[in-house]
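Visitor: Task: produce atomic coordinates for the following.
(2 chains)
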Amino acid sequence: MHRWSQLFIPTLREAPADAEVASHKLLVRAGYIRQLGAGIYSFLLLGNRSTQKIMGIVREEMDKIGQEFYLPALNPREIWEASGRWTTMGENMFRLKDRKGAELCLGMTHEEVMTDIARKELRSYKQLPQIWYQIQTKFRDEPRPKSGLLRVRQFIMKDAYSFDIDAAGLDVSYLKHYDAYCRIFDRCGLKYMVIDAHSGAMGGSQSQEFMVRTPAGEDQVVSCEKCSYAANMEKAASKLASVEDLPLGLDGKPTPYEIHTPDQRTIEDVANYLNVSPKHTIKTLAMMVTGKDGKTGKTEQRALVLLLRGDHQMNEAKLSAAVGGKETRPMQEGEIQELFQSPAGYLGPLGIDWAKDMEVSNKPALLVDKALEGRTNLIGGANKENYHLKNLTPGKDFHPTAYVDLRRVTAGEDCPNCGSPLRIDTAVEIGHIFKLGYKYSESMGARVLDRNGKEVAPIMGSYGIGIERILTAAIEQSNDENGFWLPPSIAPFEVVVVSTNAKDEAIRSASETIAQQLEASGYDVLLDDRDERPGVKFKDADLVGIPFRINVGKKVTEDTVEVVQRSTLHKEDVKISAISEYFQGLRSTAY
RNA sequence: CGGGACGUAGCGCAGCCUGGUAGCGCACUUGCUUGGGGUGCAAGGGGUCGCGAGUUCAAAUCUCGCCGUCCCGACCA
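Guide: Modelled structure (predicted):
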């Protein structure tokens, strides 16, 4: 039996001044966590109980599909060199030296260690498939830890890795994880969505993220109001209404011609001045790309010009993907003048010798958004102050280096699947599954013999869940100014029994009895037996995330107590003799 | 890493401009009081004013350096 009077639950009336998001303020106020440093937190009794319950659920579901390991957080440099990530992980990796001067790092993820086990131990296709997982502490030297537990430098992750003989096998392992993740997040009581994601620096093909909508989130998610379409902003697409192109101007000849547009610099100005919709104009964005050349290894800089439909916005993530992850920045004035021989405001694609493919780096590249592919008679800058061009047709008047998707989806546009409006929300990523492919098995030399006796690399998948993020997301999803409420499955206690007057013997002993009864029926019970005023206890009970409260008060003389559901604040009188049955009933419904 | 802010008791803050005994609310301790939404009264305890230099008779206060934390951006399985 847990008695509040004997526990350390340091609740705070006020949130620390440096807490910004709801979950951070409340986790501190409720005595779940305390900060040790930037992005480093201690878990106290309540916080630890909650994360232990989350890990319990994760473990139960993962045990159905895989085997639990426990790998070291301290990793030698060699395995990270083997995968190539000793360098690519850069400053995000915590590095240290041992007494002999040997280099080590703290694991940010465990593809390397798992693959190392695989390459040493797996010999035959008969040993596949394997799904290995662990629940373990990860270290990442985030450039900017923030938002309490949302972005930290040390956290607990459930990470799993699958090894299969072929792509079909990987599909099965991937699906098993998908299903397990759904069960885990359902059991944790989260409202989540699954979105298509960018595989990012990890490589690989298919990838999905499990996201929880919250204003505190750092990721933008596009989802359909009606159907199940949902995607990361980096990947999201939308259906465009078709546009009827402008007719040919002047004598009807299909060649671009100049028109005088004095002081008309913005798309909006030009469109107004010429009395056309911005949909008929071309937006020209001048950028510079910097990055290492794949062949020479030298850091190089090249001009990159982007063309979008006038009313469209550029999506930085898509651009970054289009240039292979290199850094981009807007051109400076001098650079613009040098390439276009024209001031900004009148830039266009004509008169410049564009590179034919992205590999050729001595010429500027011209990337044209797919929304302009097939369009004709557009209006764009003439590369001459105070002039624009009419009758511009991509592919005819100028030749793009490539057509790519660069456009930023905006809320209200049509879903690519069903045509219903799309919405955009910020969200927190709580889980991620993806098909790694052969990246690690090949680079690290994991090989098995297939049924033909041929040596092949196993195909891998990688699957992660952020334990603390489940707690954080749950709080973000369910809180008010007085505190928060967790789903019973992950709450530190399921019920708090509040003895409203510690000095009243009838109330005191009834509280005791009720708490014992419920505990005997298998509930996690906290008995608030402190010698405090009822108001203090109610405030604390509302604060700390326990989903149900039993108020034991004067009505004990009538064999009655009050049950309060924290989420709704709904109150109900229940006979003490029937309290266990009452909660059994709840378990089948609200639980 | 670029921009901004902050650092005074466990938490929230004032004091700094104009240098001179370090303060308020909550929390904590003791006593009484109260007992269904942070009860009231009284008496207490608790501070290297982030750290280090400098200026000065005298520094929380002025100057310089460093450290730490938060926010925006960049970054990000």
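Visitor: Identify the bridge partners of A:Pro330.
Guide: Assessed by DSSP bridges, A:Pro330 has beta-bridge partners A:Met287.
Visitor: Using the three-state scheme, assign the residue lying closest to A:Ser228 once chain neighbours are set aside.
Guide: Nearest non-adjacent residue to A:Ser228, counting by CB to CB, 6 or more residues apart in numbering: A:Asn417, 8.0 Å away. In this view, the C-beta of every residue, glycine as well, is placed from N, C-alpha and C. Under DSSP: H, G, I helix; E, B strand; the rest coil, the three-state class of A:Asn417 is coil.
Visitor: how near is A:Asn417 to A:Gly545?
Guide: A:Asn417 sits 38 Å away from A:Gly545, going by CB to CB, to the nearest Å.
Visitor: Which one's more surrounded, those two?
Guide: Neighbour tally, A:Asn417 and A:Gly545, criterion other CB atoms under 10 Å: the higher count belongs to A:Gly545, 29 against 13.
Visitor: I'd say the more buried one and A:Pro488 touch.
Guide: No: shown here, A:Gly545 and A:Pro488 do not form a contact pair, counting by CB atoms under 8 Å, at 10.5 Å.
Visitor: count of neighbours near the closest residue to A:Lys279 other than its chain neighbours?
Guide: Residue nearest to A:Lys279 in three dimensions, not counting chain neighbours: A:Val243, with 5.0 Å by CB to CB, 6+ apart. A:Val243: 13 surrounding residues under other CB under 10 Å.
Visitor: for A:Val243, what are its contacts?
Guide: By CB atoms under 8 Å, 6 or more residues apart in numbering, the contact set of A:Val243 is A:Lys279, A:His280, A:Arg375.
Visitor: and the gap between it and RNA strand B?
Guide: As judged by CB to the nearest atom of the strand, to the nearest Å, A:Val243 and RNA strand B stand 30 Å apart.
Visitor: Mind naming the longest helix for chain A?
Guide: Among the segments of chain A that qualify as a helix by DSSP state H, the longest is helix A:167-187.
Visitor: So which elements touch that helix?
Guide: helix A:45-63, strand A:130-139, strand A:154-164, strand A:207-213, strand A:422-437, strand A:459-466 (3 or more CB pairs under 8 Å, 6 or more residues apart in numbering; DSSP states H and E).
Visitor: Go again with 7 Å.
Guide: On a contact count with 3 or more CB pairs under 7 Å, 6 or more residues apart in numbering; DSSP states H and E, helix A:167-187 meets helix A:45-63, strand A:154-164, strand A:422-437, strand A:459-466.
Visitor: ranking these by burial, who's on top?
Guide: Stretch with highest mean neighbour count among the helices and strands packed on helix A:167-187: strand A:459-466 (a mean of 26; mean count of other CB atoms under 10 Å).
Visitor: looking at the sheet around the closest residue to RNA strand B within the stretch 351-500 of chain A, what are its partners?
Guide: Here the stretch 351-500 of chain A gets closest to RNA strand B at one residue, A:Gly464, 3.5 Å apart by CB to the nearest atom of the strand. Listed beta-bridge partners, A:Gly464: A:Asp159, A:His432 (assigned using DSSP bridges).
Visitor: who's in contact with it?
Guide: When contacts are counted by CB atoms under 7 Å, 6 or more residues apart in numbering, A:Gly464 touches A:Met157, A:Lys158, A:Asp159, A:Gly431, A:His432.
Visitor: what do you get if the cut-off is 10 Å, keeping everything else the same?
Guide: Shown in contact with A:Gly464 (CB atoms under 10 Å, 6 or more residues apart in numbering): A:109-110, A:133, A:138, A:157-161, A:177, A:181, A:209-210, A:429-434.
Visitor: any idea how far it is from A:Val496?
Guide: From A:Gly464 across to A:Val496, the span is 33 Å (CB to CB).
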